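Q: mind looking at a prediction? Sequence and model below.
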Amino acid sequence: MKFLPLYWILIMTTMAIYGQEDVIVVDTTKTIDVRYREDQFYAGFTFNVLFNRPLGIKQTGFSGGVHLGFIRDMPVNKRRNVAVGLGLGYSGNIYNQNLGITEVEGREFTVFEALDADSFDSNRFTTHLIEVPLEFRWRTSTPNVLKFWRVYTGMRLGYLYAFKSTLRRNGDRFIKTVFDELDRLRLGATFTFGWNTFNFHFYYSLNSFFNDNASLSEGVDVGVNTLKIGLLFYIL
C-alpha cells in the first residue's frame with residue numbers, strides 16, 4: 001500500500017501527457033485554403049502634385065485624395081503568388097492652386113487665368129471619379145502566410161463624373177462645374193509595393209486635366225497632369 005500514492009502520480013502524469021498531445025493535434029489540423037486569393041479590398045490616401053503646369057500656375061496649399069475599392073484577384077500560377085487583378089473603385093481629390101476658371105458674363109465662354117497670390121482668398125478643384133483598376137500582381141504569399149512582400153503595377157481607367165472649381169475673392173465665390181475643356185476620361189499608370197499592412201502607392205495620369213482648347217490669355221495650353229503619392233492598405 002505504501003506504493004499507492006506513487007501509482008496514482010504515474011497515472012495522473014500519463015493522463016496529463018496524453019492531454020497535452022491532444023491539444024497539439026488540434027492546433028496543427030488547420031484547414032489550408034489552397035485556392036486562396038489576396039488583397040481584394042483596398043483603401044488609401046495620397047498627396048497630390050500637379051505636373052506639366054504652365055508658367056505662373058502653382059499649388060497653393062495641401063492637395064490630397066482618398067481612394068477605395070474592390071479588385072478581383074485572379075492567380076495565374078499554381079503557387080497563386082502571381083495574379084491579375086481587375087476591379088472597381090472610387091477616388092476623391094482636392095487640388096489647391098492658383099488656376100482660376102471663370103466665364104464671361106452672359107456668354108458660355110470659359111476663361112483660364114493664373115491668379116496673383118494677393119488677388120484671391122482660396123481656389124481649389126474638387127474631383128470625384130469612378131475607376132477601373134487593372135493590375136499585374138507579384139507577392140511572396142502562401143496559403144498560411146499572412147505577412148508578405150507585394151509588388152503591383154498596372155493601369156487605372158477612370159471617369160471624372162463630378163468636377164468643381166471654387167474661387168473665392170473679394171467676398172465673391174465663383175463656381176464652375178461643367179465646361180467643354182475638361183477631359184473627363186482619365187487614364188493613369190500605377191505602382192504599389194510594400195510589406196504587410198503598409199504599402200507605398202504611386203499614380204501618374206497619362207492624359208492632362210484639360211484638352212487642347214484650354215489655354216491662358218497668352219495662348220499657352222493649360223494641360224496639367226497629376227502625380228499621386230501615398231499609402232494603400234489591402235484586406236482580404
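A: That came in fine, so what should we check first?

Q: mark out where each domain of the chain begins and ends.
A: 1-30, 39-235 (automatic domain parsing).

Q: what's the first-to-last distance across the last one?
A: Read that as domain 39-235. 5 Å (CA to CA, to the nearest Å).

Q: and it, how far out from the chain middle?
A: Mean-position distance between domain 39-235 and its chain equals 9 Å (CA atoms, centre = their mean, to the nearest Å).

Q: which ones are touching residue 49?
A: 59, 63, 226-229 (CB atoms under 8 Å, 6 or more residues apart in numbering). In short, each C-beta sits where N, CA and C put it, glycine included.

Q: deepest-packed of the domains of the chain, please.
A: Per-stretch averages of neighbours, counted by mean count of other CB atoms under 10 Å, single out domain 39-235 among these, with a mean of 16.

Q: against which helices or strands is the longest strand along the chain packed?
A: For the chain, the strand with the greatest residue count under DSSP state E is strand 149-169. Counting contacts by 3 or more CB pairs under 8 Å, 6 or more residues apart in numbering; DSSP states H and E, strand 149-169 packs against strand 82-96, strand 99-103, strand 122-139, strand 172-176, strand 185-195.

Q: the inter-axis angle of the first one versus strand 122-139?
A: Read it as strand 82-96. Put simply, strand 82-96 runs at 170 degrees to strand 122-139, going by axes from the mean of the first three to the mean of the last three CA atoms, to 10 degrees.

Q: parallel or antiparallel, which strands does strand 82-96 pair with?
A: Strand pairing for strand 82-96, determined by DSSP bridges: strand 64-75 (antiparallel), strand 122-139 (antiparallel).

Q: pLDDT averaged over the last one - what is it?
A: Right, the one you point to is strand 122-139. For strand 122-139, mean pLDDT is 97.

Q: tabulate the strands paired with strand 82-96 (CSV), appending distance to residue 174.
A: Shown next, in CSV, are the strands paired with strand 82-96 (distance: least, CB to CB, whole Å):
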stretch, distance to residue 174
strand 64-75, 23
strand 122-139, 9
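
Q: wait, which of the ones you listed is closest to residue 50?
A: strand 122-139 (9.4 Å; CB to CB).

Q: the closest one vs strand 99-103, what angle?
A: Here strand 122-139 runs at an angle of 120 degrees relative to strand 99-103 (the same axes, to 10 degrees).

Q: just the angle for strand 122-139 relative to strand 172-176, thanks.
A: 40 degrees.

Q: quick check: residue 157 vs residue 178, distance?
A: Separation of residue 157 from residue 178 (CB to CB, to the nearest Å) stands at 22 Å.

Q: just to revisit the earlier point, which of the contacts of residue 49 fall in helices?
A: Of the contacts of residue 49, none are assigned to helices by DSSP state H.
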